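Chemist: Curious how this folds, go ahead:
(one chain, ligands or ions: 1)
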Amino acid sequence: KWKVWVDRDVCIGDAICASLCPDVFEMDDEGKSFAKVEIVGEDLIDCVNEAAEACPVSCIHVEQI
Ligand code: F3S
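Modeler: Numbers count the residues shown, from 1 in each chain. I've put the predicted structure just below:
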């Protein structure tokens with residue numbers, strides 16, 4: 001399993017994460033992203049990695065646990 005989080009101090013609200021991986025990332029009222037699922041398994045890790053690579057400020061963090 002993997003732990004996923006968004007560094008919200010760095011997020012600029014690009015929203016590509018929520019487009020690529022809507023099962024995990026959602027935009028909030030402040031126009032920033034958060035991980036609504038914080039622990040993901042095999043089924044979601046590919047889209048999480050895609051989102052993390054696509055984020056222009058690299059503020060999506062993924063850690064294997
Ligand atoms: Fe923020 Fe990066 Fe998503 S800037 S909204 S975490 S693509």
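
Chemist: tell me the contacts of residue 28?
Modeler: residue 34 (C-beta atoms under 8 Å, 6 or more residues apart in numbering). Any C-beta I mention is one placed from the backbone N, CA and C, and that applies to glycine too.

Chemist: what are the phi and psi angles of it?
Modeler: Backbone geometry at residue 28, expressed as degrees, to the nearest 10, gives phi -100, psi -170.

Chemist: Check which residues of the longest helix anywhere in the chain are buried.
Modeler: Once the chain is assigned using DSSP state H, the helix that runs over the most residues is helix 42-54. For helix 42-54, a neighbour-count test (16 or more other C-beta atoms under 10 Å) marks 44-45, 47-49, 51-52 as buried.

Chemist: Stretch 4-17 too?
Modeler: Using 16+ other C-beta under 10 Å as the test for burial, stretch 4-17 gives 4, 6, 11, 14-17.
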